[in-house]
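> What shape does this take:
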Amino acid sequence: MEYVRVAAIGELPANTRTTVLVNGKEVLLVNLDGSYYAIANKCTHAGGSLAGGVLKGGIVTCPNHGARFNVKTGEVVGQIKVGIREINTENVECYTVKVEGIDILVEIPEI
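Numbers count the residues shown, from 1 in each chain. Coordinates of the predicted model:
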């Protein structure tokens, strides 16, 4: 596995996110107070793009149905509720990020 340069640190201000393409996968890249995280940009419920969701305190909310994910771990922290029924949603993939100089690099395991 190798790291792929996806951005420069100056391109992603604190507490913002962007989408990048890494080895054919769309990735949500997040800067939380100067620390960088990367998760799959695809909600595990219905495949919606997480990039359009609200990012607050390290949690991104899917704009389609409200599933919430921790951007540090990819873990589901809020399931979807339809009426009184809760719909089980799986964690999203989480990828390793490192910074070398001014470059942000992401590693995605090969399939």
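> Output the below-cut-off pLDDT ranges for this protein.
Along the chain, the model assigns pLDDT under 70 to residues 82, 111.
> Can you tell me the centre-most residue of it?
Nearest to the geometric centre of the chain sits Ile39, at 3.2 Å (Cα atoms, centre = their mean).
> Test my guess that that residue contacts Val76.
No. The criterion here is Cβ atoms under 8 Å, and Ile39 misses it with Val76 at 11.3 Å. (Each C-beta comes from the backbone N, C-alpha and C, glycine too.)
> Which neighbours do these two have in common?
Residues touching both Ile39 and Val76 (Cβ atoms under 8 Å, 6 or more residues apart in numbering) are Phe69.
> Just the element for Asn31, please.
strand 25-32 (DSSP states H and E).
> elements contacting that strand?
Contact here means 3 or more Cβ pairs under 8 Å, 6 or more residues apart in numbering; DSSP states H and E; on that basis strand 25-32 packs against strand 3-8, strand 16-22, strand 35-40, strand 103-107.
> right, and these - which one's nearest Val97?
strand 35-40 (4.5 Å; Cβ to Cβ).
> In the sheet, which strands lie alongside the next helix or strand after the closest one, parallel or antiparallel?
Once strand 35-40 ends, the next helix or strand along the chain (criterion: DSSP H and E) is strand 54-56. Sheet pairing of strand 54-56 (DSSP bridges) gives strand 59-61 (antiparallel).
> Not counting its own residues, what contacts the strand it pairs with?
In contact with strand 59-61 (Cβ under 8 Å, 6+ apart) are residues 17, 28, 30, 39, 50, 53-54, 67-71, 77-78.
> Just the buried residues of the residues you listed.
Arg17, Leu28, Val30, Ile39, Leu50, Gly53, Ala67, Arg68, Phe69, Asn70, Val71 (16 or more other Cβ atoms under 10 Å).
> Pipe these into JSON lines and attach distance to Ile59 per row.
JSON lines is the format used below for these (distance: Cβ to Cβ, whole Å):
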{"residue": "Arg17", "distance to Ile59": "12"}
{"residue": "Leu28", "distance to Ile59": "12"}
{"residue": "Val30", "distance to Ile59": "10"}
{"residue": "Ile39", "distance to Ile59": "11"}
{"residue": "Leu50", "distance to Ile59": "11"}
{"residue": "Gly53", "distance to Ile59": "9"}
{"residue": "Ala67", "distance to Ile59": "11"}
{"residue": "Arg68", "distance to Ile59": "5"}
{"residue": "Phe69", "distance to Ile59": "7"}
{"residue": "Asn70", "distance to Ile59": "6"}
{"residue": "Val71", "distance to Ile59": "7"}
